[in-house]
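A.B. asks: Starting from these lines, generate the structure:
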Amino acid sequence: MVKVREITDKNEWEAFVLDRPEANFLHSWNWGEFYRNLGQEMKRWGWEKDSRLVGVGSAIIERAKRASYVVVPGGPLLDWSDKEMVNRFGETIKKFAKENKCSFVRVRPQILETPENANLFSQLGFGKAPMHLHAELTHQLDLAGSEEELLAWMRKATRYEVKQAIKLGIKIDASQNAEEISEFYDLQMQTARRQGFVPFSRKFLQEQFRVFAGDNQCVLYTAWLGKMKLAQAMVMFYGREADYHYGASSEGGRKYPGAYLIQWEAIKEAKKRGMARYNLWGVAPEGERSHRFYGVSVFKRGFGGQDVAYLHARDLVLDWPGYAVNWGIEMVRKWMRKV
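C.D. replies: Numbers count the residues shown, from 1 in each chain. Next up is the predicted model:
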């Protein structure tokens, strides 16, 4: 019989999550703490069989005027072939959402986009969400090869840009100083105006970086050509996966290949830490030139690797009127953002 209990001990949580090969920072202890520090409610559960922890899941409550709802990012982490375990997850998350008067639950599990996995969630009462929850179609690089092999796996043009950056004397700074995130925010604002996306708030970026950098799980990379700042990137290092989470560039960064060298330095650091893969995060579907992420997707795919598609976010509706309002707003935003 599967029993459920709340997990409040960081060491217990991390010991389980870090042992899961599919896990990344989205289901880490610090991701939950980051949201708690922003004033949001969240909870963590563990599922046990014979007094042994066999699954974990965390949930965050998003309060909005249109509707309050629960999100489960990059999880839960459990044996999806265990029907009893899966049903207990469904019961747990549904009860939590009802107790907190939420209109729906949105889950983006760390499992692949397959008909079998989609059917698994259909059986739990979940339907396809109108919007994604974190990156779903990702591009990932296997770090098993040597540095020479990793370079060889790149597209010829990407490999050239990395070598050209070195030749030009571009330097990469790696920092875990949270005070520098304010400058990253400013550069992100410039990038957002140029590329037409909605930027994250200063507080959101600073708190996220502060929490993860405090455990050596996040690094801010900056590319410089002399005194000219070309590009910056926040990269997560957690478990067996490193993630290119956020990036920004200046006008000078469009002329010089600083962003290429940042990625190469981050890839080398991930390999040095013994990680299995480097996740360049979200990409547009191949060939979709009208997608607003088409250009950056070409950049990411140039480093080699392959696309990995996680199951599209699923929604469990508990209050249809509230959900309908949210659905309409998200569909309009999806159209406006061309995603």
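A.B. asks: which element is the nearest residue to residue 17 once chain neighbours are set aside on?
C.D. replies: Among residues not flanking residue 17 along the chain, residue 23 sits closest, at 5.0 Å (Cβ to Cβ, 6 or more residues apart in numbering). (Each C-beta comes from the backbone N, C-alpha and C, glycine too.) Residue 23 belongs to no helix or strand when assigned by DSSP states H and E.
A.B. asks: My guess is residue 23 contacts residue 111. True?
C.D. replies: No. With contact defined as Cβ atoms under 8 Å, residue 23 does not count as touching residue 111 (11.7 Å).
A.B. asks: okay, those two: which has more neighbours?
C.D. replies: With neighbours defined as other Cβ atoms under 10 Å, residue 23 and residue 111 compare such that residue 23 has more, 21 against 17.
A.B. asks: And residue 182, how close does it get to residue 82?
C.D. replies: In this view, residue 182 and residue 82 are 46 Å apart by Cβ to Cβ, to the nearest Å.
A.B. asks: higher neighbour count, these two?
C.D. replies: The neighbour comparison of residue 182 against residue 82 (other Cβ under 10 Å) goes to residue 82, with 16 against 11.
A.B. asks: Tell me which stretches of the chain form helices.
C.D. replies: Along the chain, counting by DSSP state H, helices occupy 10-17, 29-37, 83-99, 115-123, 147-153, 156-168, 181-195, 202-213, 258-272, 294-301, 320-337.
A.B. asks: same for the fifth one, what does it pack against?
C.D. replies: The reference is to helix 147-153. Here helix 147-153 touches helix 156-168, helix 258-272, going by 3 or more Cβ pairs under 8 Å, 6 or more residues apart in numbering; DSSP states H and E.
A.B. asks: what's the closest of these to residue 207?
C.D. replies: Minimum separation from residue 207 across the helices and strands packed on helix 147-153 (Cβ to Cβ) falls at helix 258-272, 21.6 Å.
A.B. asks: okay but residue 279 is in contact with residue 238, surely?
C.D. replies: No. Residue 279 lies out of contact with residue 238 (Cβ under 8 Å); the separation is 10.3 Å.
A.B. asks: Common neighbours of the two, please.
C.D. replies: Shared contacts of residue 279 and residue 238 (Cβ atoms under 8 Å, 6 or more residues apart in numbering): residue 24.
A.B. asks: ok, the residue nearest to residue 17 - contacts?
C.D. replies: Neighbour list for residue 23: 17, 74, 75, 77, 110, 238, 239, 240, 241 [criterion: Cβ under 8 Å, 6+ apart].
A.B. asks: Can you tell me, leaving aside adjacent residues, what's nearest to the last one?
C.D. replies: For residue 241, ignoring the flanking residues on the chain, the nearest one in space by Cβ to Cβ, 6+ apart is residue 24 at 4.5 Å.
A.B. asks: what do you get for residue 247?
C.D. replies: residue 233 (4.5 Å).
A.B. asks: Tell me which of the helices of the chain is the most buried.
C.D. replies: Each of the helices of the chain was scored by mean neighbour count; the highest is helix 258-272, a mean of 22, by mean count of other Cβ atoms under 10 Å.
A.B. asks: Contacts for that one, please.
C.D. replies: The contact list for helix 258-272, computed with Cβ under 8 Å, 6+ apart, reads 141, 143, 147, 150, 158, 161-162, 165-166, 170, 172, 174, 219, 221-225, 230-233, 235, 237, 242, 244, 247, 249, 252-253, 278, 280, 299, 303.
A.B. asks: Just the buried ones among these, please.
C.D. replies: For those, a neighbour count by 16 or more other Cβ atoms under 10 Å gives the buried set as 141, 143, 150, 158, 161-162, 165, 170, 172, 219, 221-225, 230-233, 235, 237, 242, 244, 247, 249, 252-253, 278, 280, 299, 303.
A.B. asks: Do I have it right that residue 101 meets residue 68?
C.D. replies: Yes. Here residue 101 lies in contact with residue 68, judged by Cβ under 8 Å, at a distance of 6.4 Å.
A.B. asks: Looking at the two, which one has more neighbours?
C.D. replies: When residue 101 and residue 68 are compared for neighbours, residue 68 comes out ahead with 19 against 12, by other Cβ under 10 Å.
A.B. asks: How many neighbouring residues does residue 245 have?
C.D. replies: By other Cβ under 10 Å, the residues close to residue 245 number 19.
A.B. asks: Now do residue 91 against residue 124, distance only.
C.D. replies: Residue 91 sits 9 Å away from residue 124, going by Cβ to Cβ.
A.B. asks: overlap in contacts of these two?
C.D. replies: By Cβ under 8 Å, 6+ apart, residue 91 and residue 124 have no common neighbours.
A.B. asks: Give me the below-cutoff pLDDT ranges for the chain.
C.D. replies: Scanning the chain with the threshold set as pLDDT under 70 gives 332-339.
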